[in-house]
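Student: Below is the sequence, then the predicted model.
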Amino acid sequence: MMQKKFEKIKNRIMIFSGKGGVGKTFIAASIAMYLSKMGYKVGVYDADETGSVIPFVLGNSDAEIYMEESSGELIPANIKGIQVMSLELMLKEKDSPLIWQGALRTKFILQTLALTRWEDLDFLIFDMPPGTGDEAITISQYVPSPKYAIIVSSPGKLSEGVVRKAVVFLKKMEIPILGIVENMSHYTCDDGSKIEVFGKSYIEEIARDHGIEALGKIPLDERIRESQDKGVPIYELASGSEVDRSLELLAKKIIEKLSSKDL
């Protein structure tokens with residue numbers, strides 16, 4: 001059944017992070033928006049149930065998901081041309097926390113994976129919950145191939161350790177890793193000098209040790225906060241900036257990595 005549900009989706013990309021607070025959702029949303037800007041058909045599955053903010057970052061927390069009565073299928077919301085499946089769009093009270101134990105969260109994921117009716121997509125981006133818990137295991141096991149992973153990291157020794165665990169997890173799950181992205185890598189001053197606000201970068205070292213690619217470093221920029229608060233893409237808010245160029249290059253590298261596939 002899962003295979004049939006995903007037959008119209010050419011590539012499934014899971015955005016992982018070993019820990020919270022690295023900007024995983026921002027990277028997932030940005031990848032979706034930049035790929036959509038390039039003309040690809042894109043969807044986003046918000047798997048971060050207890051921290052569901054994808055609709056907000058994409059710019060519409062009031063978008064609606066419908067259930068087709070005749071088939072019982074779920075029709076994703078459409079936010080700026082991107083198909084979106086998110087628990088956040090199903091909650092009647094937006095301020096209420098999700099108090100679900102692991103088994104219930106897993107059941108929700110299995111049901112939405114089985115019931116969502118995606119239209120033809122070039123890319124389905126999964127905004128995964130941080131870590132390697134039940135939701136990550138469920139999606140890794142039940143989403144059929146072709147599926148890939150991108151790991152989001154941040155500078156510093158603490159992040160390095162959990163990223164290495166994420167790499168091992170994905171290899172055990174036999175999910176090809178497209179590469180690692182370092183978010184909040186540095187701040188570029190007006191004179192061009194760079195400050196490593198959160199410490200040393202380990203992205204090249206991790207990539208070398210595990211035989212995977214460092215896909216890029218996304219700089220700190222105060223307009224990222226504004227972009228998320230307003231739900232406006234970086235390419236509109238800060239066109240031509242370092243962060244805009246970095247995110248566009250990331251999207252292009254993803255396409256290049258999958259260029260041998262029939263996109």
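Tutor: Done, it's in.

Student: Hmm, residue 122 is touching residue 42, no?
Tutor: Yes. Using C-beta atoms under 8 Å, residue 122 is in contact with residue 42, at 6.7 Å. In this view, the C-beta of every residue, glycine as well, is placed from N, C-alpha and C.

Student: So between the two, which is more surrounded?
Tutor: Between residue 122 and residue 42, counting by other C-beta atoms under 10 Å, residue 42 is the more crowded of the two (24 against 20).

Student: partner residues bridging the more buried one?
Tutor: Residues in a beta bridge with residue 42, per DSSP bridges, are residue 123.

Student: now swap in residue 66 and tell me
Tutor: The residues listed as beta-bridge partners of residue 66 by DSSP bridges are residue 75.

Student: Would you quantify the distance from it to residue 52?
Tutor: Distance, residue 66 to residue 52, by C-beta to C-beta, to the nearest Å: 18 Å.

Student: These two - which one has more neighbours?
Tutor: Set residue 66 next to residue 52 and count neighbours by other C-beta under 10 Å: residue 52 wins out with 22 against 11.

Student: Now that one: phi and psi?
Tutor: When read as degrees, to the nearest 10, the backbone of residue 52 gives phi -80, psi 100.

Student: List the contacts of it.
Tutor: Going by C-beta atoms under 8 Å, 6 or more residues apart in numbering, residue 52 touches 46, 86-88, 98.

Student: Helices of the stretch 1-150 of the chain, start to end?
Tutor: Secondary structure of the stretch 1-150 of the chain (DSSP state H, counting those that start in this stretch): helices at 2-5, 24-37, 54-58, 102-115, 134-142.

Student: The stretch 151-263 of the chain too?
Tutor: Here the stretch 151-263 of the chain has its helices, by DSSP H, counting those that start in this stretch, at 157-172, 203-210, 222-230, 234-237, 242-257.

Student: Could you check the angle the first one makes with helix 203-210?
Tutor: Our comparison of helix 157-172 with helix 203-210, counting by axes from the mean of the first three to the mean of the last three C-alpha atoms, to 10 degrees, yields an angle of 30 degrees.

Student: Good, wrapping up.
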